[in-house]
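# Sequence below, structure please.
(chains A, B, C, D and E, ligands or ions: 5)
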Amino acid sequence: MELIVENLSCARGGVIVLEGVSFRLAAGRALVLRGPNGAGKTTLLRTIAGLQPAEGGAISLPPDSIAYAAHADGLKPTLTARENLTFWADIYGRGIGDTLDRMNLAGLADRPAMNLSAGQKRRLGLARLLVAGRPVWLLDEPTVSLDAEAVALFAGVVQGHLAAGGMALVATHINLGLEADVLDLSAFRARPRIAGGFDEAFA
Amino acid sequence: MELIVENLSCARGGVIVLEGVSFRLAAGRALVLRGPNGAGKTTLLRTIAGLQPAEGGAISLPPDSIAYAAHADGLKPTLTARENLTFWADIYGRGIGDTLDRMNLAGLADRPAMNLSAGQKRRLGLARLLVAGRPVWLLDEPTVSLDAEAVALFAGVVQGHLAAGGMALVATHINLGLEADVLDLSAFRARPRIAGGFDEAFA
Amino acid sequence: MIALLLRDLRLAIRAGGGFGLGLAFFLLVAVLVPLGVGPEPALLARIAPGILWVGALLACLLSLDRIFALDREDGSLDLLATSPIPMEGVVAVKALAHWLVTGLPLALAAPGLAVMLQLPGGHGWLAISLALGTPALSMIGTFGAALTVGLKRGGLLLSLLVLPLYVPTLIFGAEVARRGVTGMELGTPLALLAAITGGAVALLPFAAALAVRINLR
Amino acid sequence: MIALLLRDLRLAIRAGGGFGLGLAFFLLVAVLVPLGVGPEPALLARIAPGILWVGALLACLLSLDRIFALDREDGSLDLLATSPIPMEGVVAVKALAHWLVTGLPLALAAPGLAVMLQLPGGHGWLAISLALGTPALSMIGTFGAALTVGLKRGGLLLSLLVLPLYVPTLIFGAEVARRGVTGMELGTPLALLAAITGGAVALLPFAAALAVRINLR
Amino acid sequence: MSIWEYANPKKFMQTSGRLLPWATGLAAAALLVGLIWGFFLTPDDYRQGSTVKIIFLHVPAALMAINAWLMMLVCSLIWLIRRHHVSALAAKAAAPIGLTMTVIALVTGAIWGQPMWGTWWAWDPRLTSFLILFLFYLGYIALWSAIEDPDTAADLTSVLCMVGSVFALLSRYAVNFWNQGLHQGASLSMDRKENVSDVFWLPLLVCIAGFVLLFVALVLLRTRTEIRARRLAALLARERMA
Ligand code: HEM
Ligand SMILES: Nc1ncnc2c1ncn2[C@@H]1O[C@H](COP(=O)(O)OP(=O)(O)OP(=O)(O)O)[C@@H](O)[C@H]1O
Ligand SMILES: Nc1ncnc2c1ncn2[C@@H]1O[C@H](COP(=O)(O)OP(=O)(O)OP(=O)(O)O)[C@@H](O)[C@H]1O
Ligand SMILES: [Mg+2]
Ligand SMILES: [Mg+2]
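Ligands and ions are numbered 1, 2, ... in the order given. Here you go, the predicted model:
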């Protein structure tokens, strides 16, 4: 099982942001995406997740293998922590097991998500990855708002996922202390040009 | 000019979260609020900003002195960066001067906020502090999503504000490299009880 | 998909929205129209089936922007799009949830309101026409909501897009109700109403899913 | 405060919402009612003033949740609350912007729609009654929006709270329009309508500002 | 040579540039001839007097209002299937023209209705279905203008156009059905076989030809404008990026 990205170009808002991105990610490995704000980390992750079409190049990954954690958590404020998590577990056809415990949320299980602090919400959002049971984790700045302890906790969770044969692609400005390759997206910044054949042929 | 907080209790969602918080902040000084997720940093800042009433204790600060930067940025996605900033400048009755430049946003001035990356949005949100012209800055995790360079840039901005006689109260998990006192909110965690005299007298 | 349905219903109830409010709106229309038009019973009885149908349509319309907007804003829609459920299923479930929360209660409550609007008889047909027609309203509305999900709160744009699409349903539905009330033969409009609902439910999920996918990228 | 007004108007226009869409909705009501009720001119003429008033009311209602919800979600409302503008000013400006975008165009467009609803005359009074009454609708609606701003998309709850408050405005407004159309004396309802609008605009900003402040904490 | 070559914007600009003057000239000529003939060289109708001459604007406008929507439908399908940008832009360009034609038909109809039926507006099925068509145009245009990314807008409006066409047809049928039981009789649908004799028929044909040519010319012109606007946007974006 391997995630292969070859010569990928991605666009955002009609502008090509990245081009020529190539890498391979084997089972059990993590890849950290680096790059300053606006480098295109989110764009790349969304493209790999299949949320937007690639402008060029190829992505090959096993079918149904992606679990994506975006900037936004997808939590419903009126549902409790447990209900939120159970919903996603059902979507993926699985149970929640001891996930809340593992994310250190056991004491907050019955509190509506709107009454969680920023960091608690984030932990709950990340718990979704554990119930998805998918091998490829796409993580977009997962540790935003987390305190040091929670960062370490989450790093442990990722490590466990890798040890079980998963893969992780992590965009982050914070050092998670993962043993991982690093891909600096600055190297793939596209020369400024417009996406889509039409405008480009024309302008 | 001084911000004085004395024996303050704050509640969130009907539960008292902090009690006995006391500190003084003199002109030209910064205070960093520490504490794990859920310690009550946001709650404290909102109380000082006057967005929620204190459960007990006193806050004394010069009138009309607060500029508050919350978890959310208050940007309008359809307005450009410049329009967003100009709006806030008008609200505070001031001009935007070279603020965009100072926040390294000059090249993005005419782009609608929805087309900014997470970090670029954040910088724009923080630019509001500069146009507010208020002495007391309340900053709730201001550097979330920012890359290292932008964190340094922002730390410089805060430093400049302090040098000009301002004050800053910063809740953060990231080290900004500010020379500042640190207040650990864990020390003020309240024993769990319900807020509001009525319920308390009753339960 | 059942999980999604249950979640949506639960959210509707928790949001303080849910079953009660669609109904309440319907009730208010039934109250406001006599206030605006004047209280003569004969006049009210004549316009009652039409007005109740227009009211049902507006009650549906008012709640359309909830269908996707919240899920879009908090990021769930992105996450659902990467989940094992096909987007067609998501869309169909959303339409079903909307109907359960809005259309079904309206159909059940209609006979009572008809009494308020001085309608002498035929309440059963009114309820049947609503029960048969509102699924089409929910499905068409979901399609409209899918078209506008990317736009920042296109509430009124959504109304503008959806209302012309509602016209055939409204005409046949109100016709069934009116004929039912006056005791005329109503086989043709009834069959047409059923055909519209069937067609909408069978085909529109695909168009709506396409629109959502386009809007997400 | 002018900055806030301008921003709100600009946002309304950029959102693809703006002036056109409130109007479009009003037009749609004028189209739907004959489709539901049937095409007889005499019947339509009789219910026209009332229906147009109900339509105007619903057009206002549909756009109410925009007033604060977006500002609340993206955090601007918190930031405005800590800004030098008093909350009363914020609320009043929001109501004014809502009226400019919704109520005013409706009043201007009403005579045209009256023609479509076969109203023979008195179009001027219809427009005047709307011009005089819609500010009250916007202000009351803003108050309702302020009450529900904390609640997650209380769209229908908002309607439910606001509609009863709209009743006096609707009654007197429709009465002015109806009397204007039939050429009857209309001094009393006109005075009452003006009084309601005046009172609402003078007093409700304080109540609404209080509600917003409570909801923020 | 395949017809799809014209989907290339450069090729399209060339060809349309050459066609445009001809289309414009012919449209002007046909309209001039048709309208002058119709307005001044035909006798007054024995029942309607000179108001009958509104027909020379009304009928061509009504026909073009429908045909413009058909053209948009075809263009939308081409865009969805073959993704030719010119096709999408042509659909976008046609919409306001179709809207205008609809408005002309409605307004001339209203002006005609006033002397004929004593009212500006009646809920006749034909009028009603036109009003609904008007709403479809309005929604379609509003959707185009509400979406920023041009390709996304093209996709979504095309989907709307397809679904909308089905429902427009349905409404047309429904409206006929709706007004059947309560029909007002002959005064609403003027008996054309009797009234429109050859004297009116020939100039009417010329007018219709004129409106068709006018439509072609306007669509070409507006499509060219749309292409240029997009090019401008692209150049501006490029400049901003540089
Ligand atoms: C706002 C009002 C009106 C609208 C929207 C309207 C719409 C239309 C449309 C869509 C057509 C072409 C339909 C077809 O070919 O099947 C048409 C044709 C026609 N209309 Fe109107 N109409 C209106 C008012 C009137 C009035 C008041 C009259 C005259 C009494 C009138 C007389 C005609 C005639 C004579 C034709 C030609 C029919 C033919 O040659 O097929 N219309 N109208
Ligand atoms: N409509 C648009 N037009 C031009 N550029 C755009 C548009 N939308 C986004 N961009 C740019 O695309 C780039 C990539 O954005 P992206 O969100 O992928 O960055 P990121 O690496 O995730 O940054 P961050 O660390 O701040 O989250 C940014 O420079 C952004 O400004
Ligand atoms: N309705 C409620 N009932 C009980 N506890 C609540 C409620 N709402 C919030 N809390 C708790 O109040 C505490 C303070 O939250 P606050 O948002 O101030 O924390 P914070 O220090 O800002 O955390 P973070 O670093 O994660 O942003 C949290 O533990 C939170 O769970
Ligand atoms: Mg990002
Ligand atoms: Mg916090």
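# drop to CA atoms for contacts and neighbour counts, all remaining ones
Will do.
# could you pull out the helices for the chain?
Unless you meant another one, I'm taking chain A. Remark: helices assigned in chain A by DSSP state H are A:41-48, A:81-91, A:99-102, A:118-132, A:148-163, A:197-202.
# actually chain C
Using DSSP H, the helices of chain C run over C:2-14, C:18-37, C:41-64, C:66-73, C:76-81, C:87-98, C:104-116, C:123-147, C:155-182, C:187-216.
# Columns mean neighbour count, mean pLDDT and distance to chain A on top of those, output as a markdown table?
Shown next, in a markdown table, are the helices of chain C (neighbours: other C-alpha atoms under 10 Å in any protein chain shown; pLDDT from 0 to 100; distance: least, C-alpha to the nearest C-alpha, whole Å):
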| stretch | mean neighbour count | mean pLDDT | distance to chain A |
| --- | --- | --- | --- |
| helix C:2-14 | 17 | 80 | 6 |
| helix C:18-37 | 22 | 76 | 13 |
| helix C:41-64 | 24 | 84 | 18 |
| helix C:66-73 | 20 | 84 | 7 |
| helix C:76-81 | 21 | 89 | 4 |
| helix C:87-98 | 22 | 93 | 11 |
| helix C:104-116 | 20 | 86 | 23 |
| helix C:123-147 | 26 | 92 | 16 |
| helix C:155-182 | 26 | 86 | 21 |
| helix C:187-216 | 19 | 92 | 7 |
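# Of all these, which one comes closest to E:Leu170?
Across the helices of chain C, E:Leu170 has its closest neighbour in helix C:155-182 (6.2 Å, C-alpha to C-alpha).
# Show me what the closest one is packed against.
With contacts defined as 3 or more C-alpha pairs under 8 Å, 6 or more residues apart in numbering or on different chains; DSSP states H and E, helix C:155-182 has these neighbours: helix C:41-64, helix C:123-147, helix C:187-216, helix D:18-37, helix D:41-64, helix E:125-146, helix E:150-178.
# Tally up the residues packed near the closest residue to ligand 4 within chain A, please.
Chain A approaches ligand 4 most closely through A:Thr42 (4.1 Å), counting by C-alpha to the ion. Residues near A:Thr42, counting by other C-alpha atoms under 10 Å in any protein chain shown, number 22.
# From B:Leu105, how far out is it?
19 Å (C-alpha to C-alpha, to the nearest Å).
# wait, does stretch E:84-104 make contact with chain A?
Yes. Stretch E:84-104 reaches chain A (C-alpha under 8 Å from any C-alpha of the partner chain) through E:His85.
# Spatially, and excluding backbone neighbours, which residue is closest to E:Thr119.
With C-alpha to C-alpha, 6 or more residues apart in numbering or on different chains as the criterion, E:Thr119 has its nearest non-adjacent residue at 5.9 Å, and that residue is E:Gly113.
# ok, residue 86 - contacts?
Picked chain A for this. Taking C-alpha atoms under 8 Å, 6 or more residues apart in numbering or on different chains, we find A:Thr86 in contact with A:95-96.
# Sorry, I should have been clearer: chain E.
E:7-9, E:12, E:223, E:227.
# Counting neighbours, what do you get for the nearest residue to A:His161 once chain neighbours are set aside?
Leaving aside its chain neighbours, A:His161 sits nearest to A:Met167 (7.4 Å; criterion: C-alpha to C-alpha, 6+ apart). A:Met167 has 28 neighbours, counted by other C-alpha under 10 Å.
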